[in-house]
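# Got a predicted structure plus its sequence, pasted below:
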Amino acid sequence: MLTLGIDDAGRGPVVGPMVLAGCLIEDEVGKEFKKIGIKDSKQLTQKRREFLEKIIKEKAENFEIVIIPPSKIDQSSENGTKLNELEAIAVAKIINKINKGYKKIRVVVDCPSPSIIKWRDFLKTKIKDLSNLEIICEHKADKNYISVSAASVLAKTVREKEMNKLKNVYGGEIGSGYTSDPATQKFLEKHAQKHKDKGIFRKSWITWKNANNKINQRRLDF
């Protein structure tokens, strides 16, 4: 049977894009993936993810990547679209692109929302053809389904490549993009205002707003 696993990377950072990946595989390929150590991308080193990414792309029946830049996240927020809804729309985009000419597909999504049923129902409204699909939305699907593990590896490696592009422009001090990263914290506090229109920050995030307010306050105090 064909299974389409879908997962995201970079959902929470204040810097850089969110990436979603879908990986369509046969059951036999899934068994092969398990043997070579494909698992939740967070449990793998960057070097290992990059190695496995090539194998996944070679062995998968199909795969699809969606990159959502900070500007799109901010625009959606301004329009009243919540991040969970934006992610559901991106997931549906992956499904709609891949679901062509296949008899039956089990779709497994690592659900980003605490309300699984509500999120799944919203997702279904964005899918063009449900007739041949079995939709499964679960928490921790990246650990429990090999197709989702493979998708998580693809999403994570693409996110890392996108961050490397930013580092080439803005320097390594940008860090991982997560506000838990001290390097990112310093970069944010120093450059929130300077680079605010460069499309690297999620300006709808409270962490960016706070950093921007601090910079403005320092200027007033000066």
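Looks like it came in fine.
# excluding its backbone neighbours, what's nearest Asn212?
The spatially closest residue to Asn212, leaving aside those adjacent along the chain, is Ala192, at 4.5 Å (C-beta to C-beta, 6 or more residues apart in numbering). In short, each C-beta sits where N, CA and C put it, glycine included.
# ok, that neighbour to Ser204 distance?
Taking C-beta to C-beta, to the nearest Å as the measure, Ala192 falls 13 Å from Ser204.
# what about these two, which has more around it?
Ala192 (22 against 16; other C-beta atoms under 10 Å).
# What count of nearby residues applies to Ala183?
Ala183 is surrounded by 14 other residues when neighbours are defined as other C-beta under 10 Å.
# okay, and for the protein, where does confidence drop off?
Judged by pLDDT under 70, the chain has its weakly predicted residues at 195-197, 214-222.
# Just the strands from it, written as ranges.
Using DSSP state E, the strands assigned to the chain run over residues 2-9, 18-26, 62-68, 105-110, 133-138.
# And the longest helix along the chain, what does it pack against?
The single longest helix within the chain, with elements called by DSSP state H, is helix 146-170. In terms of contacts (3 or more C-beta pairs under 8 Å, 6 or more residues apart in numbering; DSSP states H and E), helix 146-170 is packed against strand 2-9, strand 18-26, helix 27-35, helix 46-59, strand 62-68, strand 105-110, helix 141-144.
# Buried residues, that helix. List them.
The neighbour-count criterion (16 or more other C-beta atoms under 10 Å) identifies 146-160, 162-163, 166, 170 as the buried residues of helix 146-170.
# Give me the domain ranges for the protein.
According to automatic domain parsing, the chain comprises the domains 2-166, 169-216.
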